[in-house]
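Visitor: can you look at this prediction? I've put the sequence above it.
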Amino acid sequence: MTLRLYNTLSGQTDPVEPADGDTLRMYACGPTVYDYGHIGNFRTFLQVDILRRFLHLEGVKVRHVMNITDVDDKIIRNAAAAGVPIREYTPKFTQAFLDDLDSLQIERPEVLARATEHIAEMVTLVERLAAAGAAYKTEDGSWYFRLAAFPEYGKLSKKDLEGMTDGARVDVDEYEKDSARDFALWKATRPGETSWDTAIGTGRPGWHLECSAMAMEFLGESFDLHAGGEDLMFPHHENEIAQSEAVTHKPLARHWFHVRFLLVDGRKMSKSEGNFYTLRDLLLKGYKASAIRLALISVPYRHQLNFTFEGLVEATAAIDRLRTLVTRLQAATLADGTTELMQAAADKAEAGYMAALENDLNTAEARAPIFDLVRATNTALDQGAVLAGDRERVLAVLAKFDAVFAVIADHDAQPTRAALAWAQEQGMTDKVAPELLAAQGLSDEAIEGLIAERNTARRQRNFKRSDEIRDELAAKGIVIEDSKDGVRWKRK
RNA sequence: GCACCGGUGGCGAAGUGGCUAACGCGCUGGUCUGCAAAACCAGUAUUCGCGGGUUCAAUUCCCGCCCGGUGCUCCA
């Protein structure tokens, strides 16, 4: 069995396999580092993470390249507003992006390519395009791509350029382009603006050029898969194809993977709507990184995802259910051996899970058999019908689930702590949920101490005192569960 | 305006031309518990936006309509 994914280019679901039979080469458009990433950005990066993690689970090696756009109009504007050169402005946001990836358990790509470190390759590409008659320079020193030189333009987004006449909403007034739809490869800069002196003149690269040049530099002229958000399909990816294929005459990527948009409360996220959230905003409201991850990956990539706070609460509860079972299994005292019932339940769950992901990464469908197994295991544990070999088998299936979903293993403390430290540094502790501050002030040792005191009180049947302690901890977001195997506690 | 996607229980969300329409959350009742929590059991859509058509049979295919979203411009 191999993974089958919807391919925007072919318009159908195609098998995804490395062309060289060994390593899948993929390029994913990364962030423009002009601000903190918002959850819409991370939905895309998370879905790409699901893809690469599932490929790994199936034993496929991956060479994943992601660009960091550290020069563009917005960066120049924001840096100017902050009164610093862009090379001093972008590192902070690049680091914030990488930290956010870690918080969400998103695996780092094999290659992170910063645009400003690959100007030479971009210049070479413009020269090759010019030699092929597909690029021209205008009087102000900018370079444009000549769409007329690439008749296949529009094959990815299935746009019919015949129907798109020059003019109307296209910015014809801009410069002396041959055709209004020709797009910028290289932008001439005004004095004082960030620029590079190169063989094709002084200026800076256009955004589309950057991805083409770096993708081919690291992955070759033709590679397996190109990923990005749906909004990038046109014009960004279409332009990448044009810029690359006009000189190589080979398909840039065989497979195009597009992640659909995230909506917030049914609308597009935007600052003016007041429904705009960064990862840090949510962490500071007290939501766990794992819950944010699960909420953003549980809807398959091909569907729009409607993000809500109810969804985060749901994800939190679902993760608790998974984690509680793992804890319960690990703590249980079990006799050796296996049972037919549990082994069959585990086999069925694993098969259903893998089949769902192989089918176009259907994460929603993949969850179902896992939760079926959770219920079956809990039921069997209640009846004392689980043996040690069953435990190993169930934990192995859950590990396979977590190899892709990455929400059971608990890494939630660090992102929350880091977000709090960041909020303090930025002087925005007023944005932090009060329970979060209270819980953070309570060390594990202090909690264990109170639980020990409560246990003593319970043994003496002093339930008034034991309930007092439980209430006190609950007010600080600490939940206590009494079980036959002892007292469990967790931070809510 | 043109194009594309979607409308499934209280919420989120799968899925299929015919099997009891997954799964998660929530809610109600029960078991367990000193009480809770966790866990389990039962209940919670006679029905899949509306109208028509094809078919022995449609939530699933076709047509029309209504509603929501997205793209066509910087954007994950």
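Guide: Sure, I can see it. Since the model is a prediction, treat every value here as computed from it, not as a measurement.

Visitor: continuing past the helix or strand that contains residue A:90, what's the next helix or strand?
Guide: Assigned by DSSP states H and E, residue A:90 belongs to helix A:86-103. Beyond helix A:86-103 on the C-terminal side, the first helix or strand identified by DSSP H and E is strand A:111-114.

Visitor: that next one - contacts with which helices or strands?
Guide: strand A:61-68, helix A:207-219 (3 or more Cβ pairs under 8 Å, 6 or more residues apart in numbering; DSSP states H and E). For glycine as for every other residue, the C-beta is placed from the backbone atoms N, C-alpha and C.

Visitor: sorry, back to before: pLDDT on the helix holding residue A:90, on average?
Guide: For helix A:86-103, mean pLDDT is 95.

Visitor: how about residues contacting it?
Guide: Applying Cβ atoms under 8 Å, 6 or more residues apart in numbering, the contact partners of helix A:86-103 are A:30-31, A:33-37, A:42, A:45, A:68, A:70-71, A:75-76, A:78-79, A:82, A:108, A:114, A:116, A:194, A:279-280, A:283, A:289, A:414-415, A:418-419.

Visitor: can you say which of these are buried?
Guide: By neighbour count, with 16 or more other Cβ atoms under 10 Å, those hold A:30-31, A:33-34, A:36-37, A:42, A:45, A:68, A:70-71, A:75-76, A:78-79, A:114, A:116, A:194, A:279-280, A:283, A:289, A:415, A:418-419 as buried.

Visitor: please narrow these to those residing in strands.
Guide: Residues from the buried ones among the contacts of helix A:86-103 lying in strands, with DSSP state E as the criterion: A:68, A:114.

Visitor: how far away is residue A:471 from RNA strand B?
Guide: According to Cβ to the nearest atom of the strand, to the nearest Å, residue A:471 and RNA strand B sit 10 Å apart.

Visitor: what residues does the host helix or strand of that residue touch?
Guide: Using DSSP H and E, residue A:471 maps to helix A:463-475. Taking contacts as Cβ under 8 Å, 6+ apart, the residues outside helix A:463-475 that touch it are A:435, A:438, A:447, A:450-451, A:453-454, A:457-458, A:479-480, A:489.

Visitor: ok now do residue A:64, which residues does it touch?
Guide: A:26-28, A:48, A:52, A:109-111.

Visitor: what's the most distant pair in these?
Guide: A:48 and A:111 (13.8 Å; Cβ to Cβ).

Visitor: the two: who's more crowded?
Guide: residue A:48 (26 against 15; other Cβ atoms under 10 Å).

Visitor: which ones are touching that one?
Guide: A:28, A:64, A:227, A:257, A:259.

Visitor: I'd say the last one and residue A:51 touch.
Guide: No - proximity of residue A:259 to residue A:51 does not meet the contact threshold set by Cβ atoms under 8 Å, at 9.5 Å.

Visitor: dihedrals phi and psi, residue A:328?
Guide: Backbone torsions for residue A:328, taken as degrees, to the nearest 10, come to phi -60, psi -40.

Visitor: gap between it and residue A:238?
Guide: 52 Å (Cβ to Cβ, to the nearest Å).
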